[in-house]
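Visitor: Sequence first, predicted coordinates after that:
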Amino acid sequence: MTTVALLGTGIMGAGMARNIAKAGLSLRVWNRSREKAEPLSDVATVADTAAEAIDGADVVVTMLFDENAVDAVMKDVRLGPDAVWIQSGTVGVDATARLAQLTDRFVDAPVLGTKQPAENGQLLVLASGPAALKSSVQPIFDAIGQRTVWVSDKPGDASKLKLVLNSWVLSVVAGTGQAIAFAEGLGIDPALFFDSIAGGATDSAYAQLKGKAILKGDFAPAFGLDGAVKDAALITEAMQEAGTDSAVMKAIHSVLTQAADRGHEKSDMSAIYHGFR
Ligand code: NAP
């Protein structure tokens, strides 16, 4: 039986782990703060160290915050010669290229979807890596996702698509927070904004979802604002390398940072709303 080691049981990793176990794969989990891995002990072996989780595993999945976290965790471990590494955290284009140098059995596999899709096994998996590794990783992708988009055989291409998708997600969330704060500033009930776009060409299910949460003051993190700050910086950097004007993404980064400075770093990214006020 395939043994999977999943490192990083945060908002996303915990849900992904549960679905990997549900698919009947043998699972080990590890998290820097052990208390976040402990609730998975009914379906997985909770390892004391990353090295212990990885030892003898066929597939290693990293779902860590950023490149620094991946470096910190992977620098002290040795992957088995036949082990495949699925790198699913959003670390950007340049970092993915650096990490892919560490092993030729590397699959770049960021995901789209937040906490609930992760818990329901409904993520969209974006994948790029050697075609020969597809059969080893597809069972894991099928467990965590509703669909896999194989972008190319080149690690880094899936991360490029991920940044394109997140540039759009951040733009929608920023636009939503901005519209609410603007309506309030003008003395207009922001609920009228959502009523006005409902069902029309400019409507967006995501704007309605995030908008309702903002109006309720519900900022429980599905996608943390700290992660949005990280991603806006990664997108800005990639845009500059791609020759795309990054003025809008820089502005989104600045408003996100303002919201973080006002104490909302650990809230959902929709707390960008607080940066507009
Ligand atoms: P999260 O809940 O903040 O989890 C982050 C994980 O990284 C935790 O396991 C954390 O360990 C670990 N970590 C951070 N710094 C570390 C370090 N220096 N050494 C070891 N471990 C470290 O974040 P998440 O929402 O699950 O996101 C994980 C990744 O997926 C991020 O790259 C994020 O951008 C991406 N992503 C998130 C979403 C979303 O909607 N949430 C969607 C798609 C992709 P501790 O628990 O010990 O802090």
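Guide: Arrived safely.
Visitor: Now the one residue in the chain that gets nearest to the ligand. Nearest residue, chain neighbours left out?
Guide: Per C-beta to the nearest ligand atom, the residue of the chain with the smallest distance to the ligand is residue 10, at 2.1 Å. In short, each C-beta sits where N, CA and C put it, glycine included. Counting by C-beta to C-beta, 6 or more residues apart in numbering, the nearest residue to residue 10 once its immediate chain neighbours are dropped is residue 36, at 6.5 Å.
Visitor: neighbours of that neighbour, just the number please.
Guide: The number of residues packed near residue 36 is 16, by other C-beta atoms under 10 Å.
Visitor: Can you show me the helices along the stretch 151-277 of the chain?
Guide: Using DSSP state H, counting those that start in this stretch, the helices found in the stretch 151-277 of the chain span residues 157-186, 191-197, 205-216, 225-242, 247-259.
Visitor: Could I get those in CSV, plus columns for mean neighbour count and distance to residue 142?
Guide: As requested, these are exported to CSV (neighbours: other C-beta atoms under 10 Å; distance: least, C-beta to C-beta, whole Å):
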stretch, mean neighbour count, distance to residue 142
helix 157-186, 19, 16
helix 191-197, 14, 36
helix 205-216, 16, 25
helix 225-242, 20, 25
helix 247-259, 19, 33
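Visitor: Tell me which residues touch residue 79, please.
Guide: By C-beta atoms under 8 Å, 6 or more residues apart in numbering, the contact set of residue 79 is 54, 60, 85, 103, 105.
Visitor: Now for the first one, how many residues are close by?
Guide: What that stands for is residue 54. Residue 54 has 23 neighbouring residues, counting by other C-beta under 10 Å.
Visitor: and if you look at the last one?
Guide: The burial metric for residue 105, expressed as a neighbour count using other C-beta under 10 Å, is 21.
Visitor: now the residue nearest to residue 10: how far from residue 255?
Guide: When C-beta to C-beta, to the nearest Å is the yardstick, residue 36 and residue 255 sit 29 Å from each other.
Visitor: Equivalent analysis for residue 3, please.
Guide: Separation of residue 3 from residue 255 (C-beta to C-beta) stands at 44 Å.
Visitor: got the residues of this structure near the ligand?
Guide: For the chain, the contact set with the ligand under C-beta under 6 Å from any ligand atom comprises 8-13, 31-33, 36, 63-66, 68-69, 72-73, 89-90, 111, 114, 222-224, 227, 231.
Visitor: Mind checking which of those are buried?
Guide: Buried subset of the residues of the chain next to the ligand (neighbour count, 16 or more other C-beta atoms under 10 Å): 8-13, 31-32, 36, 63-66, 69, 73, 89-90, 111, 114, 222-224, 227, 231.
Visitor: still on that earlier bit, show me the residues around the residue of the chain closest to the ligand that make contact.
Guide: The neighbours of residue 10, taking C-beta under 8 Å, 6+ apart as the test, are 31, 36, 63-65.
Visitor: Redo the residues you listed as a markdown table? Include pLDDT.
Guide: Formatted as a markdown table, the entries for these read as follows, by pLDDT from 0 to 100:
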| residue | pLDDT |
| --- | --- |
| 31 | 98 |
| 36 | 98 |
| 63 | 98 |
| 64 | 98 |
| 65 | 98 |
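Visitor: Could you dump these into a markdown table and include secondary structure?
Guide: As requested, those are arranged in a markdown table below (DSSP: H, G, I helix; E, B strand; the rest coil):
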| residue | secondary structure |
| --- | --- |
| 31 | coil |
| 36 | helix |
| 63 | coil |
| 64 | coil |
| 65 | coil |
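Visitor: Closest one of these to residue 123?
Guide: Top of the list for closeness to residue 123, among these and by C-beta to C-beta, is residue 63 at 10.8 Å.
Visitor: List phi and psi for the residue lying farthest from the centre of the chain.
Guide: The outermost residue of the chain, judged by C-alpha distance from the chain's mean C-alpha position using C-alpha atoms, centre = their mean, is residue 187 at 35.8 Å. Main-chain dihedrals, residue 187, degrees, to the nearest 10: phi 80, psi 20.
Visitor: bridging residues for the closest residue to residue 111 other than its chain neighbours?
Guide: In space, not counting the residues next to it along the chain, residue 111 is nearest to residue 123; the distance is 4.3 Å by C-beta to C-beta, 6+ apart. Here residue 123 sits in beta bridges with residue 145, going by DSSP bridges.
Visitor: Surely residue 123 and residue 113 touch.
Guide: Yes. Residue 123 lies in contact with residue 113 (C-beta atoms under 8 Å); the separation is 4.1 Å.
Visitor: All set, thanks.
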